[in-house]
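Asker: need a structure here:
(chains A and B)
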Amino acid sequence: MPPPPLQPAIEVSRLVKTYAGVTAVNDISFTVPRGEILGFLGPNGAGKSTTMRILTGYLPATSGQVSICGFPVASEPDAVKRRIGYMPENNPLPEDMRVSEYLYFRGRLKEVARAKLGSRIDEVLELCDLKRVRHKIIGKLSKGFRQRVGIAESVLAEPPVIIMDEPTIGLDPHQILIVRDLIASLRGRMTVLISSHILPEIEMTCDRVLIINQGRIVAQGTPADLRREVLGQSAYEIEAAGSLGSLPFLLGAIDPGLAVASEGPVDPLGFRTIKLKTLNPDDVGEAILRACLSEGLRVRALSRAQPTLEDVFLAATRRSWDAVAENPKAPAST
Amino acid sequence: MKHFLTILSHEVRMLLVSPNTYIAAVLFLTLMGFIFTGILEEYSKAVQDVSPASVFFEFYYLPVFFMVPLMTAKCLAEERRLGTIETLLTTPVTTAEVVLGKYAAAYLLYISFWGSTSGLFYILKRFAGDSRLIDPGPILGGFLFVAVSGLLFVAIGVFSSSLARNQSVAGILSLTFLVGLIFGGRYLGSASWLDREALSPIKDAVEYSQINQHFQDFTRGVVDTRELLFYVSGTVLALIFSVLSVEAKQLHS
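Answerer: Next up, the predicted model:
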């Protein structure tokens, strides 16, 4: 009984969750199309884990609707549970089982056919680079291995939707790379929802990013969109020697919003870093360089500063806090 | 109930690799061995009226008090402490299947422990050669009583385990419940203040739930359906409460 393929993988509309008077998730709506990798960002306590738990059917929502592959979580939890692979926060694993035993047990619970299970376990062990530890007891594995056991378990039954709460926590850079490649290899085949605090990770793996704070979505879109939308400005850095002269005037001619934001200290060679800012999203680097040269500045370097997702994240969450501080009773809006 | 067997076989496996099981088994067989030799010494001194089997099974509560907590304390409390209950319940498994699977595994273990005491009777038969000592009636009645009452005792252990996050707390809780059930009933049965006219329904209920009385009936070969119903309904109730307790804790996690 496969649902029509047009159904989005994850559909959340007006989701609200309150715990004993505290609103953890406040009117969240978003849709994830099939095959997309969505990054879920937010400071601690923003409601990421709660949203994920509601998506898996582990927690009931206070109000709102959530459906996975077209199946509403509230009324058809079984159909939903057959379509998700979930790795909770902190990746709980039984201490006293061997890796392959654990995967076998989980595969049986997830209704993988017994005949197929053995080869599928071999596949995921290979995929997650766990072959060496397949007969080890999980309680004796290092953090990185445990994390990969959790990831292997979540992709084991080849579910269309994978939800991972902080999958890269506690991994070393090499293992993060493996996990990143692993998640990227799922692109197109499975829909992946991951939350993380490691922003470069999210930026590299995810097609789209969703930032939530205090239970509300504060920004969503591709990383590039978010930069433009949230920061709304681009910055340039010039390392140059010589007097600025009429440079500010010339810059104004290139773009009315372009102005010198700051000047750094002069180094022994006479060069200093000049920071420029503009609201214009287009690249005006060449025009800036020409203006500097015509003014007789000796330019050593010119670069367009790439705001990291971190900046976007900080700006977006700060903005939402400001909004809350200004108008504490404002209705939720995204 | 598709996953019941998966969980049951997993649980049995985990019980068989856990040192707890073997500690419980050694303690149990040591204790039962001592009790059995004690009884036989009495019998070798003087001829007694009752069969040694009924005296032996009279001590059924001693192993219940330490074995049931040891075997069941871990089952749900540990899942909650480690958080694996979350991964377990996000697969297509119902809470009832999880609770029943764990319960059935613990019950099987309980039964197999008691089953091993049949070895004591075999040794007695083999070496005493006195057919008066081996009366099949009380032996069968005793084992039947242990199997039926075990349903309820193990269910109480599972229920206690669903209440706590900590294994020791769960163990002490189940010990308390079991002592309350077995000795509390005995105490209330002998309490004179219940003899008043107004309290007679309570008196009836207390008489009905006298586990020791049930034991006497079973070893005399009287299998009363009301007594069976007492254990079966108690078991069902304890298991339903365990399922509810797991689900309620999930809501407030």
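Asker: all contacts plus neighbour counts: C-alpha atoms, from now on.
Answerer: Noted.
Asker: buried stuff in the helix or strand hosting residue B:146?
Answerer: Using DSSP states H and E, residue B:146 maps to helix B:136-163. By 16 or more other C-alpha atoms under 10 Å in any protein chain shown, the buried positions in helix B:136-163 come out as B:138-163.
Asker: Stretch B:7-15 too?
Answerer: B:7, B:8, B:9, B:10, B:11, B:12, B:15.
Asker: of all of the stretch 101-250 of chain A, which residue lies closest to chain B?
Answerer: residue A:110 (5.8 Å; C-alpha to the nearest C-alpha).
Asker: That residue: how many residues sit nearby?
Answerer: Look at residue A:110: counted by other C-alpha atoms under 10 Å in any protein chain shown, it has 24 neighbours.
Asker: what's near enough to touch it?
Answerer: Taking C-alpha atoms under 8 Å, 6 or more residues apart in numbering or on different chains, we find residue A:110 in contact with A:82, A:157, B:91, B:92.
Asker: follow-up on the earlier one: alpha carbons of the helix or strand just after the helix holding residue B:146, as CSV, please.
Answerer: Next helix or strand after helix B:136-163 toward the C-terminus (DSSP H and E): helix B:167-179. Below are the C-alpha coordinates for helix B:167-179, written out as CSV (Å, rounded to 0.1, in the frame of the first residue of the first chain):
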residue,chain,number,x,y,z
GLN,B,167,17.0,-1.2,39.2
SER,B,168,17.6,-1.4,43.0
VAL,B,169,14.5,0.8,43.6
ALA,B,170,12.5,-1.5,41.3
GLY,B,171,13.8,-4.6,43.2
ILE,B,172,13.0,-3.2,46.6
LEU,B,173,9.6,-2.1,45.4
SER,B,174,8.8,-5.6,44.1
LEU,B,175,10.0,-7.2,47.3
THR,B,176,7.7,-4.9,49.2
PHE,B,177,4.8,-5.8,47.0
LEU,B,178,5.5,-9.5,47.3
VAL,B,179,5.9,-9.4,51.1
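Asker: Compute the inter-axis angle for helix B:167-179 and helix B:136-163.
Answerer: Relative orientation of helix B:167-179 and helix B:136-163, computed by axes from the mean of the first three to the mean of the last three C-alpha atoms, to 10 degrees: 140 degrees.
Asker: What residues of helix B:167-179 count as buried?
Answerer: In terms of neighbour count (16+ other C-alpha under 10 Å), helix B:167-179 has its buried residues at B:167, B:168, B:169, B:170, B:171, B:172, B:173, B:174, B:175, B:177, B:178.
Asker: Next: stretch B:189-197.
Answerer: For stretch B:189-197, the neighbour count (16+ other C-alpha under 10 Å) marks B:189, B:194 as buried.
Asker: pLDDT on that stretch, on average?
Answerer: Here stretch B:189-197 scores 77 as its mean pLDDT.
Asker: Can you tell me the SS state at residue A:170?
Answerer: Classification of residue A:170 using DSSP: H, G, I helix; E, B strand; the rest coil returns coil.
Asker: and it, how many neighbours?
Answerer: So residue A:170, with other C-alpha under 10 Å, has 15 neighbours.
Asker: mind pulling up the phi and psi values for it?
Answerer: When read as degrees, to the nearest 10, the backbone of residue A:170 gives phi 80, psi 10.
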